[in-house]
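*Asks:* I would like the atomic coordinates for the input below:
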Amino acid sequence: MNDPAVTGRKAGRRWLLLGDSAVRNLIAATAAVGVAGAFVVPTTSIFLNEAVAATPLMVGLFFAARSIAEIGTDVVVGAVSDRLANRRTVLVLTALLNATGALCYTFLRDYYLLLLSGMVCFGLGGACFGQLFAYTRELADARGVDAPFFNGFLRSVTSLAWVVGPPLAFWTIARWSFTALYAATAALSLLAAALCRWGLPDPGGPRTTEPDGTPVEGPDDEPSPGLLNMFAGVGRRTALLLGAVVLLLGANMMYQISLPLHVTQELGMSAKFAGLLLGVSAALEIPLMVLVGVWADRLGKQRLMCAATVCATLFFALLPLTHSRSALLALQLLNAAWAAVAMNIPVVMLQDSLPGRFGTASALYSSAFKAGMFLGGLAVGTVATWTGYTQVFWVCAGLTALAGLLSLFLRALPVHRPTDLTARTDPPEGSTV
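*Replies:* Coordinates of the predicted model:
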């Protein structure tokens, strides 16, 4: 159970972080990575369709193949990063690989060359996502700030990037071309690499005391077991949580792939409106992510996960039945509510379950995201080929409902607290943690 005095001190330090130059640079790097992702993810399906003349099945296979390349590399890079003295090296290298992948999108128009370059460059560069989570947790512990709030705050920066990114991306395509869009994406990735190299300090491990000598609550450091034992400490609770994350983020990826084509091809609306829908949802996520971070310990992380699955299932079940612009915009509130939880709380729960191994825990979350991307890519390709993009959303509703069942099973499992690497797991819902 949290000490109220410790909780109060952490709450008091929350907004003081904005005066920390390291935090400001981390915000800028996160924003650059977020905008770059918001340029690429929602436009790739249209890029493949219009510039490469790919079929729906080829579009789905493209996303699936990329995710296969990223899943394995994320976990390996995460385990290796926990053994390194400085995580910033990994951040710089992965950002540079993302820049290289964007340059390939800028100049290549052959489907198979794009597939190969995407698997190699974005496959390795995709680990930047998980490593930013790991660095954020390290900096939160070093500054003595509660992790759910700090992680939620940084995730809200990514959501803000998605407010700006998709509309700007589709506007850039309409005003100029795909070439200009992906050249700008490469420039943003290079900026992120520069910020990580020269703007982020070494957190130096978690602080254990306040300046006055008062102990700071936080997990003790554990040595990383390395590549051979990278899955040490991953028990049933962690496996259930990862399963729920795969299903939730798989549904989210299917939504992002299908929405632009559903809006333009089946509803007869403009690509700009598709970008607006993604932007509105991201705008609503920003305050919700911060609130989720503030309330996570009070309400219970597992309760929030269950509530998120309910909101997600309702959203995807209503989406195929909605045909007006105003109703589509109104539905984004439900979309933002579940995404604010799914994009924030699971990674903190995984980090809590593997103390001292934030790279591995964050990589597991990132790999679950990519596994969801793989599932989503296959489902989009097969379902859309036979029935159209509208029916994809019914599959999304089924996946999120299944994620809800896994979340309920997670709550039912007793909390296991052995003395090894799994010593710290989420407490029962009745506690204040």
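*Asks:* can I assume residue 253 is in contact with residue 371?
*Replies:* No. Look at residue 253 against residue 371 with C-beta atoms under 8 Å: they stay out of range, at 10.0 Å. To be clear about C-beta, it is placed using only N, CA and C from the backbone, and glycine gets the same treatment.
*Asks:* mind listing the shared neighbours of these two?
*Replies:* Counting by C-beta atoms under 8 Å, 6 or more residues apart in numbering, residue 253 and residue 371 have no common neighbour.
*Asks:* so the closest residue to residue 354 other than its chain neighbours is in which element?
*Replies:* Leaving aside its chain neighbours, residue 354 sits nearest to residue 361 (4.3 Å; criterion: C-beta to C-beta, 6 or more residues apart in numbering). Element membership of residue 361 [criterion: DSSP states H and E] is helix 358-387.
*Asks:* cool, residue 105 as well?
*Replies:* Take DSSP H and E as the rule and residue 105 turns out to sit in helix 88-107.
*Asks:* and the angle for that helix with helix 358-387?
*Replies:* 20 degrees (axes from the mean of the first three to the mean of the last three C-alpha atoms, to 10 degrees).
*Asks:* picking up where we left off before, residues contacting the following helix or strand past the helix holding residue 361, please?
*Replies:* Toward the C-terminus, helix 358-387 is succeeded by helix 392-412 as the next helix or strand (DSSP H and E). For helix 392-412, contacts defined as C-beta under 8 Å, 6+ apart pick out 237, 240-241, 243-245, 247-248, 250-251, 254-255, 258, 262, 302-303, 305-306, 309-310, 312-313, 316-317, 319-320, 338, 375, 379-380, 383-384, 429.
*Asks:* alpha carbons of helix 392-412, as PDB, please.
*Replies:* Coordinates of each C-alpha in helix 392-412 appear next as PDB, following Å, rounded to 0.1, in the frame of the first residue of the first chain:
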ATOM      1  CA  VAL A 392     -13.400  -5.100 -40.400                       C
ATOM      2  CA  PHE A 393     -14.900  -3.100 -37.500                       C
ATOM      3  CA  TRP A 394     -17.000  -6.100 -36.400                       C
ATOM      4  CA  VAL A 395     -13.900  -8.100 -36.100                       C
ATOM      5  CA  CYS A 396     -12.400  -5.300 -34.000                       C
ATOM      6  CA  ALA A 397     -15.400  -5.500 -31.700                       C
ATOM      7  CA  GLY A 398     -14.900  -9.200 -31.200                       C
ATOM      8  CA  LEU A 399     -11.200  -8.800 -30.400                       C
ATOM      9  CA  THR A 400     -11.800  -6.100 -27.800                       C
ATOM     10  CA  ALA A 401     -14.600  -8.200 -26.200                       C
ATOM     11  CA  LEU A 402     -12.100 -11.100 -25.900                       C
ATOM     12  CA  ALA A 403      -9.600  -8.700 -24.400                       C
ATOM     13  CA  GLY A 404     -12.300  -7.800 -21.800                       C
ATOM     14  CA  LEU A 405     -12.600 -11.500 -20.800                       C
ATOM     15  CA  LEU A 406      -8.800 -11.800 -20.400                       C
ATOM     16  CA  SER A 407      -8.800  -8.700 -18.200                       C
ATOM     17  CA  LEU A 408     -11.500 -10.300 -16.000                       C
ATOM     18  CA  PHE A 409      -9.400 -13.400 -15.700                       C
ATOM     19  CA  LEU A 410      -6.400 -11.200 -14.800                       C
ATOM     20  CA  ARG A 411      -8.400  -9.700 -11.900                       C
ATOM     21  CA  ALA A 412      -9.400 -13.200 -10.700                       C
END
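*Asks:* what comes up buried for it?
*Replies:* Across helix 392-412, burial judged by 16 or more other C-beta atoms under 10 Å covers 392-393, 395-404, 406-407, 410-411.
*Asks:* okay, now the unreliable bits of the stretch 101-250 of the chain?
*Replies:* When residues are selected by pLDDT under 70, those of the stretch 101-250 of the chain lie in 204-235.
*Asks:* all helices for it, in order.
*Replies:* 111-117, 123-125, 127-143, 147-175, 178-198, 236-261 (DSSP state H, counting those that start in this stretch).
*Asks:* select, out of those, the one closest to residue 27.
*Replies:* helix 147-175 (5.5 Å; C-beta to C-beta).
*Asks:* that older thread, mark which of the contacts of helix 392-412 are buried, thanks.
*Replies:* By 16+ other C-beta under 10 Å, the contacts of helix 392-412 give 237, 240-241, 243-245, 247-248, 250-251, 254-255, 258, 262, 302, 305-306, 309-310, 312-313, 316-317, 319-320, 338, 375, 379-380, 383-384 as buried.
*Asks:* ok, the residue nearest the centre of the chain to residue 105 distance?
*Replies:* The centre of the chain sits closest to residue 343, judged by C-alpha atoms, centre = their mean, with a distance of 5.3 Å. Distance, residue 343 to residue 105, using C-beta to C-beta, to the nearest Å: 24 Å.
*Asks:* return the residues in contact with residue 36.
*Replies:* By C-beta under 8 Å, 6+ apart, the residues touching residue 36 are 98, 102, 185, 188, 189, 192.
*Asks:* is it true that residue 272 touches residue 170?
*Replies:* Yes. Between residue 272 and residue 170 there is a contact at 5.4 Å, judged by C-beta under 8 Å.
*Asks:* thinking again about what came up before, the helix holding residue 361 vs helix 127-143, what angle?
*Replies:* Angle, helix 358-387 to helix 127-143, by the same axes, to 10 degrees: 140 degrees.
*Asks:* circling back to that earlier point, what about residue 272 and residue 170, which has more around it?
*Replies:* Between residue 272 and residue 170, counted using other C-beta atoms under 10 Å, the more crowded position is residue 170 (25 against 15).
*Asks:* how about residue 383: what's its closest non-neighbour residue?
*Replies:* Distance criterion C-beta to C-beta, 6+ apart; nearest residue to residue 383, sequence neighbours excluded, is residue 392 at 5.1 Å.
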